[in-house]
Structure formats: structure tokens, C-alpha cells
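Sequence first, then the predicted structure:
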Amino acid sequence: GRNALAVPKSLNTHSKDTIYDASTLGKRAIYSHHIIANSKRRALADLASQYNLGGYAKIGWPGVILIEGIESNCQIFVDEIKRWRWQQIQVRGEEQKVIPEGESLDSHRQLPLQFGEIGEDGMSLLASNCREAGLETLFLTCMKINDHRTIDEEKDKKHDKEGIDAGSKHGALIHVDHMNDGKRYRKWLRKTCQAQGCTLLIRHFYSNIDSNNRGRPTIYVGVFGDRDGVKQVMKLWRSSRVDIDSKSKPCLERMMTVIAEGEIQSFPNNSSSSFHDGNEMDCTFEDLE
């Protein structure tokens, strides 16, 4: 309800008399299933302002919150928003930096001083902003995208037990019988693959070369990434209402066929997680092969 999102003047677990260690700069990268409600978006901005935290909230599916400021204030912010109602909320990355004596904490900030909002389709903008600020690793950690310059030890251990190379590329090729609402369907695929750190390829093949009478296309979808990411996309795909039925009601996908799935040597050159609807989806039989 509304009360759950109200920003309190003081928090029961943190006294106003608390002496903050203003010499430690903190950052948090927070992942949410989605951020849509206007009340929650306002509450995030108000709370960040209250504790002098800068950064971003990327709204939509998924939601990403990046904050930066005095370390103890970052802790308070996280403790507070975890009390709110979320489908999923998780701190996936954090950083701390002790500021040398005599230097301003604000002079070491890498995110904007003012907490701002990035739109639903702004994931690439957020990634670019983080890269320019020197926070690419923090962003990749938040999105569970493998940074191949580092080693994820826990994933290595897990995959070693399964006899799988943790750094291997994984892919799945799926035949989809039809998309009644193609724009909606493709948007869901893009967002889901993006959230799991996967790249996406969609191709339409028309057997009839007559552009005025092509009929319904044969649709193939490729999902590429690390093994866990691809597996999660496939799991969500089977359990989400990605299309509409003949009565225009949201429905599950019941007519998809996995043609092949497993380790691959390289990703297709034309795969993309953010392509725009257009002619690049159409292809000839030779292209499809």
C-alpha cells in the first residue's frame, strides 16, 4: 500500500544521532524484477535525496538501481527498500572506498550527484554511462553478465562438478510456430535475454518469394550466452505469457520446439539483444542455413 512506500522522517533501526563515517564512499548495484509503479519510483528518488545518494534507477523490466554516497547511508537505503513490496529485489554488487584524509568524498564520486531515472528502454544507456564512469564491472555484476577478465570462482566450482567449462559459450536454436502479437513477443524476448546477459537472434524465413503473398513465416529464435543464462531464458519462456491467443488474451507458448541446444564455438555475427523490428529479421533459406 501507500504507507509501505512512504519515506520516513527517521528510521527505527538508525538513529538520527548516528555518527556516519563520512570518509568511506559506498556503491550498491541493485537488481529488481521490475520498477513500474509511480509511487515506488517517487519513493526511490525521495529516499536517495534524503540520504544524499546519487545514481540511477532504470525503470521497466528488469529494474536496476545504482546508488553512491556515504557508505552507511547506502546501507540505510538498502535496508529501507527491502521492506517494500517487490517481486524480486537483490543487491548484486557493492563497492567501498576509503577517502584519504583532507579530500572531499564528493570529488571521488563516479555516478551523478543527483539521483536520476532512466527509461524502460534505457539499459544500453545505463551500460554506456557505467562504462564511461569506470563502473562497467559493477554493472556487469548486477546483470550477471560474465566479465571474461575475471573469474567467477563459485560458477567454476559448480560447472567443474558437472563437467562443464564455466567459460564456454552456450546456445539454443528454437522453432516457434507463430507469433500472434509479434511486437509484444519480440519485446519480451529482448528484455528477458538482456536481463539474463544473453544475446538474441530472430529470423523469419518465407518460402514464397512473392513479397505481396508471402503467407506466414517460419520463425527461428537463437539464444546465446553462458549456460546458466540460456537455461534461465528457456525456463522463463516456457512459464511466461509471451503471446496472445485467438481471443487476444495473454497466453503461454505451447508450440515451440528446441531444435538444438548445447556448447557452441562462437556466437553468430548478427546476433543482437537490442535490434529494432524491421527487415533484418527476414532472411533467405541460404541465410537461415
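Thanks, I have the structure now.

And the spatially most central residue of the chain, what's its pLDDT?
For the chain, the residue nearest the mean C-alpha position is Ala195 (3.0 Å; C-alpha atoms, centre = their mean). We note a pLDDT of 86 for Ala195 in this prediction.

just Arg85 next, same as before
pLDDT at Arg85 comes out at 93.

what about it, is that helix, strand or coil?
coil (DSSP: H, G, I helix; E, B strand; the rest coil).

and stretch 118-138, how far from the chain's centre?
Distance of stretch 118-138 from the chain centroid (C-alpha atoms, centre = their mean, to the nearest Å) equals 11 Å.

just stretch 189-197 next, same as before
Stretch 189-197 sits 7 Å away from the centroid of its parent chain (C-alpha atoms, centre = their mean).

Can you name the residues in contact with that stretch?
Contact with stretch 189-197 is made by 60-62, 123, 140, 143-146, 199-200, 202, 221, 223, 225-226, 229-230, 232-233, 236-237, 240, 242, 273-275, as judged by C-beta atoms under 8 Å, 6 or more residues apart in numbering. Just so you know, the C-beta spots here come from the backbone N, C-alpha and C atoms, and that holds for glycine as well.

Any quick ChimeraX command for the buried ones out of these?
The buried subset of these, as determined by 16 or more other C-beta atoms under 10 Å, is captured in ChimeraX by this line:
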select :60,61,62,123,140,143,144,145,146,199,200,202,221,223,225,226,229,230,232,233,237,242,273,275
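
among the contacts of stretch 189-197, which are in strands?
If you go by DSSP state E, the contacts of stretch 189-197 have 199-200, 202, 221, 223, 225 in strands.

can you give me the helices in the chain?
Along the chain, counting by DSSP state H, helices occupy 2-5, 38-50, 71-81, 123-132, 136-142, 153-162, 182-195, 227-239, 285-288.

Out of those, the one nearest Met256 is which?
Met256 lies closest to helix 227-239 among those, at 7.3 Å (C-beta to C-beta).

Measure how far that closest one is from the centre of its chain, please.
Counting by C-alpha atoms, centre = their mean, helix 227-239 comes out at 14 Å from the chain centroid.

for stretch 173-181, same thing?
23 Å.

Buried residues in it, which are they?
Buried residues in stretch 173-181 (16+ other C-beta under 10 Å): 173-174, 176, 179, 181.

Pull out the buried positions in stretch 43-52.
For stretch 43-52, by 16+ other C-beta under 10 Å, it's 43-45, 47-48, 50-51.

I'd assumed Ala260 was in contact with Val230.
No: the pair Val230 and Ala260 does not pass the contact test of C-beta atoms under 8 Å, sitting 11.9 Å apart.

list residues touching both of those two?
Common neighbours of Val230 and Ala260 (C-beta under 8 Å, 6+ apart) are 171-172.

number of nearby residues for Cys198?
27 (other C-beta atoms under 10 Å).

quick one on the thing from earlier: nearest to Leu66, of the buried residues of stretch 43-52?
Looking across the buried residues of stretch 43-52 and measuring by C-beta to C-beta, the closest to Leu66 is Ala48, at 10.3 Å.

Thought Ile67 was touching the closest one, still the case?
Yes: Ala48 lies in contact with Ile67 (C-beta under 8 Å); the separation is 6.2 Å.

Find residues that contact each of those two.
54-55, 77, 115.

Let's see the ChimeraX selection covering just the buried ones among these.
Here is the ChimeraX command that selects only those of the shared contacts of Ala48 and Ile67 that count as buried (16+ other C-beta under 10 Å):
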select :54,55,77,115
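
Looking at the shared contacts of Ala48 and Ile67, spot the one nearest Arg131.
Among those, Gly55 lies closest to Arg131 (C-beta to C-beta), at 15.2 Å.

any idea how far Leu113 is from the closest one?
9 Å (C-beta to C-beta, to the nearest Å).

now swap in Trp86 and tell me
In terms of C-beta to C-beta, Trp86 sits 26 Å off from Leu113.
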